[in-house]
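Asks: Fold the following, please.
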Amino acid sequence: RKLDDPAARAHVAEVWGVDPDSLPGPGRSAYELLDALGTDIRSLLLMASNPVVSAPRAAHVEERIRSLDFLAVCDVVLSETAALADVVLPVTQWAEETGTTTNLEGRVLLRRRAVSPPDGIRSDLEVLHELAARLGVEKGFPTDPEEVFEELRRASAGGAADYSGITYRRLAEEDGVFWPCPAAQEAADAGEDALPGGEAPAVHPGTPRLFLDRFATPDGRARFVPVSHRAIAEEPDDEYPVLLTTGRVVAQYQSGAQTRRVAELNAAAPGPFVELHPRLAARLGAAEGDPVAVVSRRGRAVAPARITDAIRPDTVFMPFHWPGEGRANTLTNPALDPTSRMPEFKACAVRLETVET
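Replies: Down below sits the predicted model:
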């Protein structure tokens, strides 16, 4: 459902029992919101995110977070961002709660709770329910995951990502169901899977393969759009002659808030590094393991050199899982894609410096 589509707004408002005009319009993107903290945004509730490590221009984002009047963080661990909070609410993690996951192939899966959480630990749903109640909204924020899923079924009915034909019972019996999966009557209205005599189908099978017969356009045909290449926002120059790209290592995950607490993973990937080509290392005068400073227009990070001919001589790579001196996102550019508003994590101009030890 698109927030700026009047029909979609009316549909969801009916599910929630509210006036469509009470629904907000499209808001800021993630980075734009973080950049505004401490100005017109004075308080923040942050759930399961660690922008002090993961956001572009991370030193600036950390400064913005520190400028808030009030910060509350819900998380499983005390992340670097949670350590700055006025209040930290410990919440359940995925193995401690029942719910659904939709994987990248579009299969909706039912996850059963594997272990019980410690005493006094709330789920995210319980936190939102209590917060809503204290703000005067006693109904509409259920704490039961299946009840929330039933709301999703109603809210998505007839939409592009239709979950209305999926139930917890089907998920348990069928080992997952692919969306879109309209409810029986919606499928019958669309002429799908009709039974002899025109009766409504008993159940829609789900859609394991999207766009098999048509695309999601009014006439079902694909649209081709010409694309012109647009250069990165920050090309290398005389002052910053090298390109930095960032990414992941297999033994750490996202900001590392959880994986950096696992000894076996830390043994495999103990800390940040700067990957550079032998020719670039020779020009810099850096040997394997030497500390190297990477400097961009936004800041400076220092990490050991890792020399390899698997990277281009004009490019360096840093993983972004670590805080502190080797924080790769201190360097990255928050230039935003004009359509998705995603930051340009993957490319910015830097220079390299040796570090006295």
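
Asks: ok, which stretches of the stretch 251-357 of the chain are helices?
Replies: 263-268, 278-284 (DSSP state H, counting those that start in this stretch).

Asks: Output the contacting helices and strands for the first one.
Replies: So the one you mean is helix 263-268. Applying 3 or more Cβ pairs under 8 Å, 6 or more residues apart in numbering; DSSP states H and E, we find helix 263-268 packed against no helix or strand. C-betas here are computed from N, CA, C, even on glycine.

Asks: So which residue is smack in the middle of this structure?
Replies: Ranked by distance to the mean C-alpha position of the chain (Cα atoms, centre = their mean), the top residue is residue 49 at 8.6 Å.

Asks: Isn't that residue up against residue 85?
Replies: No. The pair residue 49 / residue 85 is not scored as a contact, 11.8 Å apart, by Cβ atoms under 8 Å.

Asks: Give me the three-state assignment for residue 149.
Replies: Following DSSP: H, G, I helix; E, B strand; the rest coil, the label given to residue 149 is helix.

Asks: Spatially nearest residue to it, not counting backbone neighbours?
Replies: Nearest residue to residue 149 in three dimensions, chain neighbours excluded: residue 100, at 6.0 Å (Cβ to Cβ, 6 or more residues apart in numbering).

Asks: For the one you found, give the beta-bridge partners.
Replies: Judged by DSSP bridges, the bridge partners of residue 100 are residue 110.

Asks: follow-up on the earlier one: using CSV, lay out the helices of the stretch 251-357 of the chain together with mean neighbour count.
Replies: Shown next, in CSV, are the helices of the stretch 251-357 of the chain (neighbours: other Cβ atoms under 10 Å):
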stretch, mean neighbour count
helix 263-268, 12
helix 278-284, 16
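
Asks: State the distance from residue 2 to residue 151.
Replies: For residue 2, the distance to residue 151 equals 18 Å [Cβ to Cβ, to the nearest Å].

Asks: These two - which one has more neighbours?
Replies: Between residue 2 and residue 151, residue 151 has the larger neighbour count (other Cβ atoms under 10 Å), namely 15 against 11.

Asks: Now do the same contact list for that one.
Replies: Applying Cβ atoms under 8 Å, 6 or more residues apart in numbering to residue 151 gives the contacts 15, 142.

Asks: Local confidence estimate at it?
Replies: What the model reports as pLDDT for residue 151 is 95.

Asks: Tell me how far it lies from residue 23.
Replies: Plainly put, residue 151 is 15 Å away from residue 23 if you go by Cβ to Cβ.

Asks: ok, now residue 69?
Replies: Look at residue 69 and residue 23: by Cβ to Cβ, they are 27 Å apart.

Asks: The two: which is more packed in?
Replies: The residue with more neighbours, out of residue 69 and residue 23, is residue 23; 14 against 10, by other Cβ under 10 Å.

Asks: give the contact list for the more buried one.
Replies: For residue 23, the contacting residues are 3, 9, 12, 13, by Cβ under 8 Å, 6+ apart.

Asks: and of the residues you listed, the nearest to residue 166?
Replies: residue 12 (17.9 Å; Cβ to Cβ).

Asks: burial of the closest one, as a residue count?
Replies: Residue 12: 20 surrounding residues under other Cβ under 10 Å.

Asks: Same question for the one 4 residues further on.
Replies: Residue crowding around residue 16 was assessed by other Cβ under 10 Å; the count is 15.

Asks: Now do the strands for the stretch 151-300 of the chain: every range, in order, please.
Replies: Ranges of strands in the stretch 151-300 of the chain, per DSSP state E, counting those that start in this stretch, are 177-178, 242-247, 274-276, 291-296, 299-307.

Asks: Kindly state the pLDDT recorded for residue 196?
Replies: You'll see residue 196 listed with a pLDDT of 43.

Asks: what do you get for residue 55?
Replies: As predicted, residue 55 sits at a pLDDT of 97.

Asks: Please apply the same query to residue 188.
Replies: For residue 188, the model assigns a pLDDT of 52.

Asks: so what's residue 240 closest to, chain neighbours aside?
Replies: The shortest distance from residue 240 to any residue other than its chain neighbours is 3.7 Å, reached at residue 349 (Cβ to Cβ, 6+ apart).

Asks: In this structure the one you found contacts residue 235, no?
Replies: Yes. With contact defined as Cβ under 8 Å, residue 349 reaches residue 235; the gap is 6.4 Å.

Asks: Looking at the two, which one has more neighbours?
Replies: Higher neighbour count among residue 349 and residue 235: residue 349, with 21 against 11, using other Cβ under 10 Å.

Asks: bridging residues for the more buried one?
Replies: Judged by DSSP bridges, the bridge partners of residue 349 are residue 243.

Asks: returning to what we had before: filter the contacts of residue 23 down to the buried ones, ChimeraX style.
Replies: Listed next is the ChimeraX selection for buried residues among these, using 16 or more other Cβ atoms under 10 Å:
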select :9,12
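
Asks: Among the contacts of residue 23, show me the least confident.
Replies: Least confident of the contacts of residue 23 in the model: residue 3, at 92.

Asks: Give the residue spans of this protein that score low on pLDDT.
Replies: Applying pLDDT under 70 to the chain flags residues 185-202.

Asks: Now for the nearest residue to residue 254 once chain neighbours are set aside, how many residues are close by?
Replies: Leaving out its chain neighbours, the residue that sits closest to residue 254 by Cβ to Cβ, 6+ apart is residue 54, at 6.4 Å. Residues lying near residue 54 (other Cβ under 10 Å) number 23.

Asks: and what of residue 18?
Replies: Count around residue 18 with other Cβ under 10 Å applied: 12.

Asks: same deal with residue 114?
Replies: Using other Cβ under 10 Å, residue 114 has 10 neighbouring residues.
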